[in-house]
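1. Got a predicted structure here, sequence first:
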Amino acid sequence: EAQVTQNPRYLITVTGKKLTVTCSQNMNHEYMSWYRQDPGLGLRQIYYSMNVEVTDKGDVPEGYKVSRKEKRNFPLILESPSPNQTSLYFCASHRSGYNSPLHFGNGTRLTVT
Amino acid sequence: QQQVKQSPQSLIVQKGGISIINCAYENTAFDYFPWYQQFPGKGPALLIAIRPDVSEKKEGRFTISFNKSAKQFSLHIMDSQPGDSATYFCAASSGAGSYQLTFGKGTKLSVIP
């Protein structure tokens, strides 16, 4: 089954404790990206990657890091999480081509206390 | 500056009624306009999309209307059903650049029996 898999689904952590949210896709898509979803703010892009070792900032990259060492994986790293990073995070992938549909994972709900 | 403005933020429609969600954009370089549907606990999924060379696209009960001169597009859901209750996001992208979608803030639709 074609899918984007995120882990964990739920995560509660404390301020300053480094964490990683994993994302993996099995569709051989070139593009992968991370979004955060907040009430009233919709989906905002954090980072995206056009291929292995090629990443770029989205609209809200502050406080986040990413890496793309393999085509299928695109982890999101919060080196020093803060409460304002409490949010619902989605990973997505798609083929090259601007009208290719995004395939989203089921989300990771992060709470930073 | 928000590039895609979506309204309303929430919408309650009776079963069998018509749901209408509107979006307006500013960037005249946008040339691909998808709508994504998100059920609780799931990631968004592509519902329907339109290119600006047509004024309307219909897929079953879902129709996109597009007004290029007004820089507006809308989603109409005919004969709305409780199963349509979800959050809907409009989006836009251009063929130039990095294939990134700009999302509206979302509309939470509730269809009541």
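-> All right, it came through fine.

2. quick one, what contacts residue 72?
-> Going with chain A. A:Ser24, A:Gln25, A:Asn26, A:Asn28 (Cβ atoms under 8 Å, 6 or more residues apart in numbering or on different chains). C-beta: built from backbone N, CA, C; applies to glycine.

3. wrong one, I was asking about chain B
-> Going by Cβ under 8 Å, 6+ apart, B:Gln72 touches B:Asn22, B:Cys23, B:Ala24, B:Tyr25, B:Phe66.

4. For chain A, what's its nearest residue on chain B.
-> In chain B, the residue found nearest to chain A is B:Gly43; the distance is 2.8 Å by Cβ to the nearest Cβ.

5. Toward the C-terminus from the helix or strand of chain B with the lowest mean pLDDT, list the very next helix or strand.
-> For chain B, the helix or strand with the lowest mean confidence is strand B:102-103, at a mean of 92 (criterion: mean pLDDT, DSSP states H and E). Tracing the chain C-terminally past strand B:102-103 and defining elements by DSSP states H and E, one meets strand B:107-112 next.

6. Paired strands for that following strand, with orientation please.
-> strand B:10-14 (parallel), strand B:86-92 (antiparallel) (DSSP bridges).

7. Strands of chain A, start to end?
-> In chain A, strands defined by DSSP state E lie at A:4-7, A:10-13, A:19-25, A:31-38, A:42-51, A:54-57, A:65-66, A:76-78, A:87-94, A:103-104, A:108-112, listed in chain order.

8. Among these, which comes closest to B:Lys108?
-> With Cβ to Cβ as the measure, strand A:42-51 is the member of the strands of chain A nearest B:Lys108 (11.2 Å).

9. can you pull the buried residues of that closest one?
-> For strand A:42-51, burial by neighbour count (16 or more other Cβ atoms under 10 Å in any protein chain shown) applies to A:Gly42, A:Leu43, A:Arg44, A:Gln45, A:Ile46, A:Tyr47, A:Tyr48, A:Ser49, A:Met50.
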